[in-house]
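S.K.: Need the 3D shape of this:
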Amino acid sequence: MREREARTMKKYGSPRGPLAPPGMPDASPPAVVLQDYDQHGRVWSLAPETGLLEPASGRCHGFVHLFTASPGEGEPVVAAALYAEGPDSGVLWLQHGPRRWDCSTVSVRQASEADGHRLFTVFGVRGPELELRYPAPDPGPFDPAYHWIDTVADDFFLWAAERLADDSGGARRALAEHFEAGFLPA
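M.R.: The predicted structure follows:
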């Protein structure tokens with residue numbers, strides 16, 4: 001990522017791209033380094049304004065999950081992420097593709113449907129802003145040791161909903177502080 005920033009700096013005079021007019025904030029937030037939720041050891045750089053990913057390294061500021069609504073049907077892969085933009089950002093972000101939400105302004109809900117699908121919904125002030133219906137992860141052959149923690153580990157959206165639903169004792173703030181400080185990839 002440093003090489004890319006150096007090329008961008010040389011071309012535009014800013015590590016984040018073209019400079020905004022004087023007195024105007026830079027419109028594009030910097031890329032965020034994220035741990036892949038499903039592939040431990042894999043690290044991505046997410047461009048928040050586009051939702052696009054590229055391989056990266058460094059301290060991670062959240063997690064990203066590569067999501068396909070209908071695997072095997074030619075559907076594009078979309079990045080879904082929960083992250084902070086880095087040190088002292090003060091904001092926890094939820095992102096799906098190029099759309100992102102400040103987690104303090106939305107609520108999320110995860111539901112299991114009778115047919116085995118799951119429904120992840122992001123609610124804004126005007127109602128649902130995103131609804132993702134997807135098959136529940138398949139745990140494989142019957143495993144008596146498979147329990148709730150495995151279910152959460154296999155489903156990014158369930159994990160994100162649990163993190164964002166629990167704000168007792170400042171759980172969101174604690175998660176934001178952890179993501180802001182960054183962590184080493186696993």
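S.K.: Just give me the residue closest to the centre of this protein.
M.R.: Residue closest to the average C-alpha location in the chain (Cα atoms, centre = their mean): residue 81, at 0.8 Å.
S.K.: Would it be right to say that that one lies in a helix?
M.R.: No - read with DSSP: H, G, I helix; E, B strand; the rest coil, residue 81 is strand and lies in no helix.
S.K.: Now for it: which residues touch it?
M.R.: Under the criterion of Cβ atoms under 8 Å, 6 or more residues apart in numbering, the neighbours of residue 81 are 32, 34, 46, 62, 63, 64, 65, 93, 94, 95. Where C-beta positions appear, they are placed from N, C-alpha and C, glycine not excepted.
S.K.: Kindly reformat these as a markdown table containing neighbour count, pLDDT and secondary structure.
M.R.: Output for the contacts of residue 81, formatted as a markdown table (neighbours: other Cβ atoms under 10 Å; pLDDT from 0 to 100; DSSP: H, G, I helix; E, B strand; the rest coil):
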| residue | neighbour count | pLDDT | secondary structure |
| --- | --- | --- | --- |
| 32 | 24 | 96 | strand |
| 34 | 26 | 97 | strand |
| 46 | 26 | 97 | strand |
| 62 | 26 | 96 | strand |
| 63 | 20 | 95 | strand |
| 64 | 27 | 96 | strand |
| 65 | 20 | 93 | strand |
| 93 | 22 | 96 | strand |
| 94 | 22 | 96 | strand |
| 95 | 21 | 97 | strand |
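S.K.: now, which of those sits nearest residue 177?
M.R.: The shortest approach to residue 177 among the contacts of residue 81 belongs to residue 62, at 12.1 Å (Cβ to Cβ).
S.K.: Just the pLDDT for the nearest residue to the closest one once chain neighbours are set aside.
M.R.: With Cβ to Cβ, 6 or more residues apart in numbering as the criterion, residue 62 has its nearest non-adjacent residue at 2.5 Å, and that residue is residue 83. Looking at residue 83, its pLDDT reads 97.
S.K.: Could you give the bridge partners of residue 83?
M.R.: residue 62, residue 93 (DSSP bridges).
S.K.: neighbours around it, how many?
M.R.: 28 (other Cβ atoms under 10 Å).
S.K.: What separation do you get for it and residue 178?
M.R.: 11 Å (Cβ to Cβ, to the nearest Å).
S.K.: and residue 175, that one's in a helix?
M.R.: Yes - Residue 175 forms part of a helix when assessed by three-state DSSP.
S.K.: number of nearby residues for it?
M.R.: Residue 175 has 20 neighbouring residues, counting by other Cβ under 10 Å.
S.K.: so what's it closest to, chain neighbours aside?
M.R.: Residue 175's closest residue in space is residue 163 (Cβ to Cβ, 6+ apart), at 5.8 Å.
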